[in-house]
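Need the 3D shape of this:
(2 chains)
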Amino acid sequence: MKRPVFYGAGFPYRSFKELPGKLIVLEGTDGVGRSTQIAMLRQWLEEEGYAVSDTGLNRSPLTSPGLEAAKLGHTLSPLTMSLFYATDFADRLENLIIPALKAGFVVLSDRYFYSIIARDVVRGADPEWARKIYGFALKPDIILYLKADIATLISRIVHGRGFNYWEAGMDIRCADNLFDSFAAYQSRLMEQFEQLSKEYGFITVDANRHANDVFIDLRQQIRAVIE
Amino acid sequence: MLKKQEYKGKLIVVEGIDGSGKSTQIDLLFKWLQSLGKTVYFSEWNSSTLVKSTTKLGKQEKMFTPTTFSLLQATDFADRWENYILPMLKAGVIVLADRYAYTAFARDVARGVDRAWVRNLYSFAAQPDIVFYFRVPLDVAVDRILTGRSNLKYYEAGMDLGLSDNKVTSFRLFQQRIINEYEAMVNEFGLTTIDGTLPIKKQQKQMRQITRAVIKGWEGLPNPQRRVRPVQVRKSVPGKAG
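Got it, this is the predicted structure:
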């Protein structure tokens, strides 16, 4: 991107001239293989001579300790969680993503605010309210949406990190056990992603395939943006 | 914008810059309402335990930008809203709040965030039944704050805005911006203005009059402790606002 474009008011107290870097976003539900792809993309880009910076949800040094602690308790309600994640996102955007873009880096973002909106809306948040929060967010150069069936996600979760309370949406009890809740919750998230995809112009990539095949597609899409 | 207050309880809020005398007044209002046998709950700005450690970290390490400061305070408010204010209002309690969304609208905009953006953040919250805005000249408020205090804190003084290297000068400039935002909100939100330079007792009399009109003929949640013994038991104690 050259001149930054924001979804809303941006950061009115800051002025940006040019951001010579590129902001590449990988979106998709839990277990879709985003982190595997980010690792492969990073290696490829660095071999090509691009400086790469990567980031992902809940990695802000400001909010990460507090948010992790909050997730262990039982009082983290949907609105509060939504705004806590927005704080995390804003902190990383202002203090990590934008400075990296300014310095000409390719920034690989493991999820962006679209995932947060999807999770908020599934938890009952007003869709318009949730979208307007991110009026400060920068428009990425490309948004790649990794899309896989529930069966694929389940297989990856089973062979990977295992089922987890939050990824199964157990805080809103989509079902009375982790497995069914995971399937129900991820399906609801995917419905939201379909809507978001149209709204924000995602490029959908079939993530049911082997990681190498997915990578080849992603590489092709990204090459068109950075060259 | 804020939602219409349609819950069984009543929501009464005090707003104004630091040193405007609002905490003193809400404490007196709290005691009076209790003496009338009402069930009253008090909530203070920036007091959620869930968010506390993050706020502390951000302040200590000076990590905040206007946007993250605004979002974290909204998180703090959301936590108090979901876990305390909303259930109390539904139960029919009189909720007294020392600062509410208007504090964010004034301070965050003074820090440079977009007006419409910050109003959207708080749009899940209810518009209070009464908002008392304590209007005082800047000099009076600054005098009250600086008397008997050695040190203004970094964010309190608005030092993050780079308005001045001098803390007191910065504080004055920052507070003036906040006053300007409050003044613009008097009409926007129909704030009830109280002259904060009047004697304390006189201000309180006005507040009680206005409050009486709002709770006239309204029952709310009975206070069982009140019938057993007239001595008040208070769970939450109004104190200095942040």
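
Give me the contacts around stretch A:188-203.
For stretch A:188-203, the surrounding residues in contact (CB atoms under 8 Å, 6 or more residues apart in numbering or on different chains) are A:27-29, A:114, A:117-119, A:121-122, A:142-145, A:147, A:150, A:169, A:174, A:204, A:221. C-beta here means a position set from N, CA and C on the backbone, and glycine is covered the same way.

Which residues of chain A lie near chain B?
Neighbours of chain B within chain A, by CB under 8 Å from any CB of the partner chain: A:8-9, A:11-13, A:61-63, A:65-67, A:69-70, A:73, A:75-80, A:82-84, A:86-87, A:90-91, A:94-95, A:126, A:129, A:132-133, A:135-136.

which ones are touching residue A:158?
When the contact criterion is CB under 8 Å, 6+ apart, residue A:158 has no partners at all.

Please identify the buried residues of the helix or strand hosting it?
Using DSSP states H and E, residue A:158 maps to helix A:150-159. Within helix A:150-159, the residues that count as buried by 16 or more other CB atoms under 10 Å in any protein chain shown are A:152, A:153, A:154, A:156, A:157.

Give me the residue at the spatial middle of chain B.
Centroid-nearest residue in chain B, with CA atoms, centre = their mean: residue B:99, separated by 0.8 Å.

A strand includes residue A:129, no?
No: applying DSSP: H, G, I helix; E, B strand; the rest coil, one finds residue A:129 to be helix, outside a strand.

Pretty sure it sits against residue B:122.
No: applying CB atoms under 8 Å as the test, residue A:129 and residue B:122 come out as separate, 9.9 Å apart.

Specify which residue of the two has the higher count of neighbours.
Per other CB atoms under 10 Å in any protein chain shown, whichever of residue A:129 and residue B:122 has more neighbours is residue B:122, with 22 against 18.

returning to that earlier point: angle of whatever helix or strand comes next after the helix holding residue A:158 against helix A:150-159?
Counting by DSSP H and E, the element after helix A:150-159 in chain order, helix or strand, is helix A:178-200. Counting by axes from the mean of the first three to the mean of the last three CA atoms, to 10 degrees, helix A:178-200 lies at 120 degrees to helix A:150-159.

Buried residues, stretch B:34-48. List them.
B:34, B:38, B:39, B:40, B:41, B:42, B:43, B:44, B:45, B:46, B:47, B:48.

Report the two of the residues you listed separated the most.
Maximum pairwise distance among those (CB to CB): 25.6 Å, between B:38 and B:46.

where along chain B do the strands fall?
Ranges of strands within chain B are B:10-15, B:40-44, B:94-98, B:130-135, B:192-195, based on DSSP state E.

Figure out which of those strands is closest to residue A:162.
Closest approach to residue A:162 among the strands of chain B is made by strand B:40-44 (40.0 Å; CB to CB).

Does anything pack onto the closest one? Which helices or strands?
Judged by 3 or more CB pairs under 8 Å, 6 or more residues apart in numbering or on different chains; DSSP states H and E, the packing partners of strand B:40-44 are helix B:22-35, strand B:94-98.

Same list, the ones you listed, but as a markdown table with mean pLDDT and distance to chain A please.
Output for the helices and strands packed on strand B:40-44, formatted as a markdown table (pLDDT from 0 to 100; distance: least, CB to the nearest CB, whole Å):
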| stretch | mean pLDDT | distance to chain A |
| --- | --- | --- |
| helix B:22-35 | 96 | 24 |
| strand B:94-98 | 98 | 17 |
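
just to revisit the earlier point, out of everything not next to it in sequence, what's closest to the residue nearest to the centre of chain B?
In this structure, residue B:99 finds its nearest non-sequential neighbour in residue B:45, 3.5 Å apart by CB to CB, 6 or more residues apart in numbering or on different chains.

In terms of pLDDT, where does that neighbour sit?
With respect to pLDDT, residue B:45 has a value of 95.

So which residue is dead centre in chain A?
Residue closest to the average C-alpha location in chain A (CA atoms, centre = their mean): residue A:111, at 1.1 Å.

and the helix or strand hosting residue A:218, what does it pack onto?
Here residue A:218, judged by DSSP H and E, is contained in helix A:211-226. Applying 3+ CB pairs under 8 Å, 6+ apart, one finds that helix A:211-226 contacts strand A:22-27, helix A:34-47, strand A:142-147, strand A:203-206.

so that helix versus strand A:142-147, what angle?
Orientation of helix A:211-226 against strand A:142-147 (the same axes, to 10 degrees) gives an angle of 160 degrees.

for helix A:211-226, the distance to its chain's centre please.
17 Å (CA atoms, centre = their mean, to the nearest Å).

Please give me every residue in contact with residue A:135.
Contacts for residue A:135 (CB under 8 Å, 6+ apart) come out as A:6, A:7, A:8, A:9, A:10, B:114, B:117, B:120.

Can I get those in CSV including pLDDT, neighbour count and distance to residue A:52?
Shown next, in CSV, are the contacts of residue A:135 (pLDDT from 0 to 100; neighbours: other CB atoms under 10 Å in any protein chain shown; distance: CB to CB, whole Å):
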residue, pLDDT, neighbour count, distance to residue A:52
A:6, 97, 15, 23
A:7, 98, 15, 24
A:8, 97, 15, 28
A:9, 96, 15, 29
A:10, 96, 19, 24
B:114, 98, 21, 32
B:117, 98, 21, 31
B:120, 97, 21, 34
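
Out of those, which is nearest to residue B:80?
Comparing those against residue B:80 with CB to CB places residue B:120 closest, at 18.7 Å.

Please tell me how far residue A:169 sits from residue A:118.
When distance is defined by CB to CB, to the nearest Å, residue A:169 is 11 Å away from residue A:118.

Give me the residue ranges of chain A where confidence is low.
Across chain A, nothing is flagged by pLDDT under 70.

Tell me the residue in it that is farthest from the middle.
Distance from the C-alpha centroid of chain A peaks at residue A:176, with 27.3 Å (CA atoms, centre = their mean).
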